[in-house]
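> With the input below, show me the fold.
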Amino acid sequence: MKTLYVRVVLTFLAVIVISLISSLLLALTLFQNDLNDTGKNDMIVAGDRMKREYEQTNPPDLDAFMNNMAELSSYTLQLYDRNGRANAYVPTKGQKAEEINPESVRKVLHGELYRSQGDDNETFVGLPFSSGGKQYALFLHSSSKNEITIIRLLFTILLLMLAFGSLCILIAGRFLVKPLQAMTEATKRLAKGDFEVELKINRGDELGTLSRSINDMAREIKQMERMRQDFVSNVSHEIQSPLTSISGFAKALKDGNLTIAEDDRAQYLDIIVTESDRLSRLSDNLLKLTSLESDHHPFEMESFNLDEQIRRVIIACEPQWSAKNIRVDIESPSGAGVSITADRDQLNQVWMNVLGNAIKFTPRAGQVLIGISRPDRHKIEVAIRDSGIGIAPEDLTSIFERFYKVDKSRAEDRNGNGLGLAISHKIVALHGGSIEVSSTVGLGTTFTVTLPTTPLSDFV
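Just a heads-up that it's a prediction; the model follows:
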């Protein structure tokens, strides 16, 4: 009983046995009256033939004739005279004929045809019979031999159906349980960390749907595991690089045997400070991204002018774009400012990340254009377009992934950690908006951020 296969087979067998027996008993109950009526009609026909045969042959020995008729018809016969005395003629030794109600005998002796009623103990019929000028009452009882034969036939059919049904169930049960065994084995492999699982169960039923779901789950877990490994590898790499620099220059400063010029000492200290700041930004970004991906990140919604916020971000980034002689322009709807209800600090982080990337990858004397528009009264669209180096088509689908860098070898990107766009994408998504990118290598890149003017109900 520990295996599903045995349980399925035993359950089906129990259902078949119970169903067949119940059906047989119900059918016998429903058709009992019809069977009795049919049996009585047959006995009446047999009794009439006995009477005609006796009248035609007129045998001298009535008892011998009745014995022969009982054996030929397999019916038990009783012959009552007017005094109520009865002679019984049974086709099988050991059988006994039940006594007939005197009232029933009297009716037959007066020439009536009698059929057994509900209060009688068994099924029989009575016919008037004449012999040698005397009136008799001839009663024919249903044959137990015939009933036993019918019952044996029914139970034989029942056993054959049970045998063939059991064979079919054994085959069908194996067919049903085999996919479940394969799924169980697959889940065990997944639990042990083996994600190279693919069930080849081509079925259109629920088992087929479940197997496809397991395949999808295995692929997703495999992808998540690969992402986890990449995340650990990237974090280790991003941490190891500045730690190596800090450790190396700190040891150089600590070594009393080395003679270091004051300018070199100051440079070493600047490098240590810079790499420490890099580690600090990395940890801050990791904490921010982890917080954003949790279900408990706090959002403080307020209404403010979006165009004014972006202008402040441009001013904050002035040292970067003025040092490269980059022209930064902003275009917004005329008249009143563009009002939005959102988390001010979170959106400020988005503009700092996107604008910072635009300035970083735009060459000297380039241009960055920020356009603010309203596609409809429920949405605000901010497009940040630069004239930088552009992004290759194969990189466009991956730039919002954590730690992803378009070109890790570029000098202007060595201080980045590849988390800025991932954070921006998550912030925009949590506001119910979207961020898209389009780019042409050598001509520039455009980031388009679309936000609702009012917050989602989850953050209200």
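> Contact partners for the residue nearest the centre of the chain?
The centroid of the chain falls nearest to Leu210 when counting by C-alpha atoms, centre = their mean (5.5 Å). Leu210 sits next to Met183 when contact means C-beta atoms under 8 Å, 6 or more residues apart in numbering. The C-beta positions use only the backbone N, C-alpha and C, and glycine is treated the same way.
> what does Ile326 give?
Contacts of Ile326 by C-beta under 8 Å, 6+ apart are 359, 362, 364-368.
> Any quick ChimeraX command for the buried ones out of these?
Filtering these down to the buried ones (16 or more other C-beta atoms under 10 Å) takes a single ChimeraX command:
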select :359,362,366,367,368
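> Columns secondary structure on top of the contacts of Ile326, output as CSV?
What follows is the contacts of Ile326, written out as CSV (DSSP: H, G, I helix; E, B strand; the rest coil):
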residue, secondary structure
Ile359, helix
Thr362, coil
Arg364, coil
Ala365, coil
Gly366, coil
Gln367, strand
Val368, strand
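> Check which helices and strands the helix or strand where Phe155 lies is in contact with.
Assigned by DSSP states H and E, Phe155 falls within helix 144-191. Judged by 3 or more C-beta pairs under 8 Å, 6 or more residues apart in numbering; DSSP states H and E, the packing partners of helix 144-191 are helix 4-57, helix 206-254.
> How far off centre is the shortest one?
Read it as helix 206-254. Helix 206-254 has its C-alpha centroid displaced from the chain centroid by 30 Å (C-alpha atoms, centre = their mean, to the nearest Å).
> With stretch 154-169 instead?
In this view, stretch 154-169 has its centroid 35 Å away from the chain centroid, taken as C-alpha atoms, centre = their mean.
> what does it contact?
Contacts for stretch 154-169 (C-beta under 8 Å, 6+ apart): 8-9, 12-13, 16-17, 20-21, 24.
> For that stretch, list every residue counted as buried.
In terms of neighbour count (16+ other C-beta under 10 Å), stretch 154-169 has its buried residues at 158, 165, 169.
> Repeat that for stretch 44-56.
Buried, per 16+ other C-beta under 10 Å, within stretch 44-56: 44, 46-47, 50, 54.
> Tell me what angle the one helix or strand Leu140 maps to forms with helix 4-57.
Assigned by DSSP H and E, Leu140 falls within strand 134-141. Angle between the axes of strand 134-141 and helix 4-57 is 170 degrees (criterion: axes from the mean of the first three to the mean of the last three C-alpha atoms, to 10 degrees).
> can you give me the mean pLDDT across strand 134-141?
What strand 134-141 shows for mean pLDDT is 91.
> for stretch 53-73, same thing?
89.
> Ends of it, what's the gap?
For stretch 53-73, the first-to-last residue distance is 13 Å (C-alpha to C-alpha, to the nearest Å).
> what's the answer for stretch 359-374, then?
OK, stretch 359-374 end separation, C-alpha to C-alpha: 25 Å.
> what do you get for stretch 323-331?
23 Å.
> next one: stretch 107-121
End-to-end distance for stretch 107-121: 18 Å, by C-alpha to C-alpha.
> who's in contact with it?
40, 44, 80, 82, 98, 101, 104, 122-128, 135-139.
> got the angle for the helix or strand containing Ala266 vs helix 206-254?
Following DSSP H and E, one finds Ala266 within helix 262-293. Helix 262-293 runs at 160 degrees relative to helix 206-254, counting by the same axes, to 10 degrees.
> can you list the weak-confidence ranges in the stretch 101-250 of the chain?
143-151, 227, 230-238, 241 (pLDDT under 70).
> Could you say whether Arg385 sits in a helix, a strand or coil?
Classified using three-state DSSP, Arg385 is strand.
> My understanding was that it contacts Leu443; is that so?
No: counting by C-beta atoms under 8 Å, Arg385 stays clear of Leu443, with 10.2 Å between them.
> More neighbours: which of the two?
Counted by other C-beta atoms under 10 Å, Arg385 and Leu443 do not tie: Arg385 has more neighbours, with 18 against 11.
> need the contact list for Gly442.
By C-beta under 8 Å, 6+ apart, the contact set of Gly442 is 389-390.
> Quick check: Asp194 is in a strand.
No: counting by three-state DSSP, Asp194 is located in no strand; its state is coil.
> I'd like the distance from it to Ala218, if you could.
9 Å (C-beta to C-beta, to the nearest Å).
> about what we covered before: put the buried members of the contacts of stretch 154-169 into a PyMOL selection.
The PyMOL command for the buried members of the contacts of stretch 154-169 (criterion: 16+ other C-beta under 10 Å) is given here:
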select buried, resi 8+9+12+13+16+20
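> and which of the contacts of stretch 154-169 is nearest to Asp395?
Nearest to Asp395 among the contacts of stretch 154-169 is Val8, at 53.7 Å by C-beta to C-beta.
> ok, and what's touching stretch 125-137?
If you take C-beta under 8 Å, 6+ apart as the criterion, stretch 125-137 is touched by 40, 43-44, 47-48, 51, 54, 62, 79-82, 100, 104-105, 107-116, 138-140.
> if we can go back for a sec, turn the contacts of Ile326 into TSV, including pLDDT and distance to Ser280.
Shown next, in TSV, are these (pLDDT from 0 to 100; distance: C-beta to C-beta, whole Å):
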residue	pLDDT	distance to Ser280
Ile359	92	21
Thr362	91	26
Arg364	91	29
Ala365	92	33
Gly366	93	30
Gln367	94	32
Val368	94	27
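> possible to save the contacts of Ile326 as CSV with distance to Glu71?
Formatted as CSV, the contacts of Ile326 follow (distance: C-beta to C-beta, whole Å):
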residue, distance to Glu71
Ile359, 119
Thr362, 119
Arg364, 127
Ala365, 128
Gly366, 122
Gln367, 122
Val368, 119
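> now, among the contacts of stretch 154-169, which is nearest to Ser438?
Out of the contacts of stretch 154-169, the member with the shortest distance to Ser438 (by C-beta to C-beta) is Val8, at 57.5 Å.
> Tell me the pLDDT of the closest one.
On pLDDT, Val8 comes in at 69.
> now the strands for the stretch 301-450 of the chain?
301-305, 327-331, 339-343, 367-376, 379-386, 434-440, 444-452 (DSSP state E, counting those that start in this stretch).
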